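Student: Quick check, what structure comes out for this input:
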Amino acid sequence: MAEVSGCRVGDIDTNQWIWTVRRQTTPAPGGLTDKGTKGKHARKAPIIEAIRPLVAQHILSADPDPDARMFTGPRAGRISTAVLRDATHWNEVVTQLGYEHLRRHDLHHTGLTRLTDAGVPLHVLRKIAGHGSLTTTQRYLHPDTHKITAAGAALTAHLSVLRAPRSLPARPSSPADTVKERWSPSGPQKRSRGGFGSLRNRP
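Tutor: Next up is the predicted model:
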């Protein structure tokens, strides 16, 4: 929420639908203030298709100044935690859903886990989240039971391929290719397609 509050119109690239996260809003002795991100570096995050119309609407209704805030509170100022809680009826909604202990930061874990489920590589997730290490990113990932079951099914399919025959069985020879022998005064004879020939002088 702190980074959403710190978002400016110029931070949104509507050509590639990428948000460059540059700052966050945090409490300070004199009230709310903007400062750099937790990782101290700007980072890029994708804007998924489902929320692009909402983002576009806010851009059109916001001040055209690139430094104008994308989202504002009741007095056109910074969004505070209390404002967000009241505007979204957070406490009532999570209680009705049976998630009384759900925190807004928990949604960060959910988002990164969903990106992982979609096949996004871990090193890309680290860049999106702004984490300093892959170890930190891994702490945010919580695969559910369905994903664990799917992992077992994937391993079973892989092992089935490894156990499959690697070549086709040999083709039985035709009667014409069968080698036959018969007795002759000059010694054993070998018959093939070309007729009989002596085996005595063959190597």
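Student: When you work out contacts or count neighbours from here on, use the C-alpha atoms and nothing else.
Tutor: Will do.
Student: And the strands in the protein?
Tutor: 12-13, 18-21, 23-28, 31-36, 43-46, 180-182, 189-192, 195-198 (DSSP state E).
Student: ok, now which ones touch residue 39?
Tutor: 130, 131, 132 (C-alpha atoms under 8 Å, 6 or more residues apart in numbering).
Student: number of nearby residues for the first one?
Tutor: What it means is residue 130. The number of residues packed near residue 130 is 21, by other C-alpha atoms under 10 Å.
Student: right, and it touches residue 43 too?
Tutor: Yes - using C-alpha atoms under 8 Å, residue 130 is in contact with residue 43, at 6.3 Å.
Student: pLDDT and distance to residue 114 added to the contacts of residue 39, as CSV?
Tutor: Formatted as CSV, the contacts of residue 39 follow (pLDDT from 0 to 100; distance: C-alpha to C-alpha, whole Å):
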residue, pLDDT, distance to residue 114
130, 90, 17
131, 90, 17
132, 88, 20
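Student: Residue 13: which of those residues is nearest?
Tutor: Proximity of the contacts of residue 39 to residue 13 was ranked by C-alpha to C-alpha; the top entry is residue 130 with 18.4 Å.
Student: That closest one and residue 163, how far apart?
Tutor: Residue 130 sits 43 Å away from residue 163, going by C-alpha to C-alpha, to the nearest Å.
Student: Residue 46 pairs with what?
Tutor: Beta-bridge pairing of residue 46 under DSSP bridges involves residue 18.
Student: Which helix runs longest in this protein?
Tutor: In the chain, assigned by DSSP state H, the helix with the most residues is helix 145-163.
Student: Now do that helix, average pLDDT.
Tutor: Mean pLDDT, taken over the full extent of helix 145-163, equals 86.
Student: Mind listing residues that contact it?
Tutor: residue 117.
Student: And stretch 120-131, what's buried?
Tutor: 122, 125, 126, 127, 128, 129, 130, 131 (16 or more other C-alpha atoms under 10 Å).
Student: In CSV, list those residues along with distance to residue 52.
Tutor: Output for the buried residues of stretch 120-131, formatted as CSV (distance: C-alpha to C-alpha, whole Å):
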residue, distance to residue 52
122, 25
125, 20
126, 23
127, 21
128, 18
129, 20
130, 22
131, 25
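Student: excluding its backbone neighbours, what's nearest residue 36?
Tutor: Nearest residue to residue 36, sequence neighbours excluded (C-alpha to C-alpha, 6 or more residues apart in numbering): residue 23, at 4.3 Å.
Student: Residue 11 now?
Tutor: That would be residue 20: by C-alpha to C-alpha, 6+ apart, it lies 5.2 Å from residue 11.
Student: what number of residues lie near that neighbour?
Tutor: A count of nearby residues for residue 20, using other C-alpha under 10 Å, gives 18.
Student: so what's it up against?
Tutor: Taking C-alpha under 8 Å, 6+ apart as the test, what residue 20 contacts is 11, 12, 13, 42, 43, 44, 45.
Student: could you list every residue that touches residue 2?
Tutor: Residue 2 touches 24, 25, 26, counting by C-alpha under 8 Å, 6+ apart.
Student: Look up how far residue 59 lies from residue 121.
Tutor: For residue 121, the distance to residue 59 - C-alpha to C-alpha - is 31 Å.
Student: All set, thanks.
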